[in-house]
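Participant: quick one, structure for this:
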Amino acid sequence: MSEALLVGVDVGTTSCKVTVCTADGHEVTAAKATLTWQVTQEGVDVDPSAILGAVAAATSSALADAPPGDVLAVGVASMGEAGVLVDGRGEPLAPVIAWHDDRDRPLAARMGHDLGAARFTGATGLPVVPQWSLSKHRWLVEHHPRTSRAVRRFGIAEWVVRALGGDEASEYSLASRTGWLRLDSAAWWPEALDWSAAHPSLLPPLVRAGSPLGHVNSSWAPQRLHGAVLTVAGHDHLAAAVGAGAVRDGDQLDSCGTAEALVRTVPAPLSPDAVRHLVAAGVTVGHHVLPGRLSVLGDTRGGLLLQNVQRLLGFGSAELADFDARALARPAGSVTADLEPDGNVVLRGIGRDADPAQAWRAALHSAANRALRMDAGMSAFLGPHQRTVMTGGFARSTAVRQLRGEAWKDVALAQVQEAGGRGAALLGGCAAGLYTGPQDLPPAPVTADATGARRPSTPTAIPGGTR
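Facilitator: Predicted coordinates:
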């Protein structure tokens with residue numbers, strides 16, 4: 001007997017991942033397709049059509065292995081900041097600039113001067129850096145005259161939903177990564193829009209993650225998706241918090257992949273002064289995918305350090321357990337590992353007797369210290385977290401979990417393949433009416449503590465409320 005299925009799409013920086021779940025939140029299949037960015041004289045970007053191609057490829061692959069059943073809903077989460085400008089016919093007018101591309105660095109500095117750095121941070125929950133949409137949009141306006149014909153601007157997940165046949169919408173958590181949305185009023189900030197030469201009509205109406213946005217009817221979508229309810233599931237890290245069950249007040253998600261991030265879910269509102277202090281501690285504050293909640297998110301870059309050292313040492317996932325064991329058995333030595341701003345690894349103190357396990361130990365401890373410092377910065381203003389839920393590729397490392405567990409004590413491992421895809425699928429279930437709201441979502445599966453001892457999971461009560 002076939003059962004209803006939910007599809008979650010997570011468009012990340014390096015790949016598009018698709019997860020198929022049953023109505024009870026069980027992952028039945030997953031697939032991914034690489035998203036290849038182009039390095040040009042201007043910077044790093046990608047054609048919007050390549051994003052849709054990756055979505056189609058990953059979705060087709062995931063559905064090919066999925067059991068029989070009707071697809072009730074499709075939820076789409078994505079990286080933040082990056083966006084697509086389209087003309088009156090819905091055709092893209094420019095490439096998508098990567099969120100980490102800093103071609104807009106001079107513009108970001110000018111924006112901080114013109115709008116006031118402290119004022120911008122207090123209003124948006126973002127630091128003055130070349131990452132947010134408003135300075136990238138102004139760069140496009142100044143360097144790509146065709147963009148003057150733009151009638152709409154979409155975040156990546158919003159673009160995919162529209163391309164699948166859904167309604168045009170802006171979702172709160174993605175809008176919080178643009179620099180155009182105010183934290184206090186949850187409304188567009190006219191002054192920031194005006195600074196970046198973005199007319200308010202460019203931005204579709206704001207909606208919550210999990211809101212129904214029409215049905216799949218696009219010719220390029222796999223046939224099994226046709227008729228499924230569509231929704232934007234928001235910023236990928238926050239969809240992962242939902243998928244991993246790390247959304248109670250006091251929870252902390254450690255999304256321990258290449259782009260390691262710590263995510264806390266906190267009640268709204270926070271005062272502008274508290275927001276400025278949190279941003280000074282190295283985190284951002286934005287609207288959550290959950291109603292009535294804010295996200296406090298810090299990028300530690302620890303996952304990037306581990307990935308680059310792993311590549312340098314030349315071992316793969318099959319050898320990770322062996323390297324972990326050898327590293328944990330080594331005493332503290334003179335070798336240290338760090339990451340330069342450009343992502344290059346710096347190893348120091350390598351003597352005659354040093355070996356790869358010692359270098360891996362140094363990287364593990366450096367990455368853990370980065371996470372601990374980030375957590376301390378959050379805790380200074382939010383209070384200590386009660387529980388950390390780990391997910392992502394490096395969360396499968398025994399050494400990574402052990403070092404976090406020694407410092408944080410209550411550390412759980414989400415037993416999910418793709419937390420972002422699962423969260424997007426569950427929010428799709430909200431849009432289809434399968435769940436009454438986020439508070440009704442099925443809990444994350446069985447977890448394991450930092451030592452690997454399994455224990456039954458308990459239902460995670462997701463806060464309700466209104467935005």
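Participant: residues of stretch 99-106 that come out buried?
Facilitator: Residues W99, H100, D101, D102, R103, D104 are the ones in stretch 99-106 that count as buried (16 or more other CB atoms under 10 Å). Every residue, glycine included, has its C-beta placed from N, CA and C.
Participant: kindly report the same for stretch 66-85.
Facilitator: Buried residues in stretch 66-85 (16+ other CB under 10 Å): 66, 69, 71-85.
Participant: quickly note the distance from the nearest residue to V345 once chain neighbours are set aside to E142.
Facilitator: Of all residues not flanking V345 in the chain, N308 sits nearest, at 4.7 Å (CB to CB, 6 or more residues apart in numbering). Computed as CB to CB, to the nearest Å, the N308 to E142 distance reads 34 Å.
Participant: when the two are compared, which one has more neighbours?
Facilitator: Ranked by neighbour count (other CB atoms under 10 Å), N308 and E142 place N308 first, with 17 against 12.
Participant: coming back round to it: and the buried residues of stretch 99-106 as JSON lines, adding pLDDT, secondary structure and distance to R330?
Facilitator: Putting those into JSON lines (pLDDT from 0 to 100; DSSP: H, G, I helix; E, B strand; the rest coil; distance: CB to CB, whole Å) gives the following:
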{"residue": "W99", "pLDDT": "90", "secondary structure": "coil", "distance to R330": "37"}
{"residue": "H100", "pLDDT": "86", "secondary structure": "coil", "distance to R330": "33"}
{"residue": "D101", "pLDDT": "90", "secondary structure": "coil", "distance to R330": "39"}
{"residue": "D102", "pLDDT": "91", "secondary structure": "coil", "distance to R330": "37"}
{"residue": "R103", "pLDDT": "94", "secondary structure": "coil", "distance to R330": "43"}
{"residue": "D104", "pLDDT": "95", "secondary structure": "coil", "distance to R330": "43"}
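Participant: wait, which of the residues you listed is closest to G125?
Facilitator: G125 lies nearest to W99 out of those, by CB to CB, at 16.2 Å.
Participant: just checking, that closest one touches G12?
Facilitator: No. Using CB atoms under 8 Å as the test, W99 is too far from G12 to be in contact (10.7 Å).
Participant: now do the shared contacts for the two.
Facilitator: Shared contacts of W99 and G12, defined by CB atoms under 8 Å, 6 or more residues apart in numbering, are found at M79.
Participant: what is the rounded mean pLDDT of the helix or strand encompassing A30?
Facilitator: Per DSSP states H and E: A30 is located in strand 27-34. Averaging pLDDT along strand 27-34 yields 96.
Participant: check stretch 143-163 too.
Facilitator: Averaging the model's pLDDT scores along stretch 143-163 yields 96.
Participant: what about that stretch, how long is it end to end?
Facilitator: 26 Å (CA to CA, to the nearest Å).
Participant: how about that stretch: buried residues?
Facilitator: Judged by neighbour count using 16+ other CB under 10 Å, the buried positions of stretch 143-163 are 147, 150, 152-163.
Participant: next one: stretch 282-295
Facilitator: Residues V283, T284, V285, G286, H287, H288, V289, L290, P291, R293, L294, S295 are the ones in stretch 282-295 that count as buried (16+ other CB under 10 Å).
Participant: gap between the two ends of that stretch?
Facilitator: 14 Å.
Participant: next one: that stretch to chain centre, how far?
Facilitator: 12 Å (CA atoms, centre = their mean, to the nearest Å).
Participant: ok, which stretches of the stretch 101-250 of the chain are strands?
Facilitator: 152-155, 170-171, 206-207, 229-235 (DSSP state E, counting those that start in this stretch).
Participant: in stretch 43-50, what's buried?
Facilitator: Buried-residue list, stretch 43-50, by 16+ other CB under 10 Å: G43, V44, D45, V46, P48, A50.
Participant: mind checking the pLDDT average for that stretch?
Facilitator: 95.
Participant: what's the answer for stretch 437-454, then?
Facilitator: Mean pLDDT, computed over stretch 437-454, is 68.
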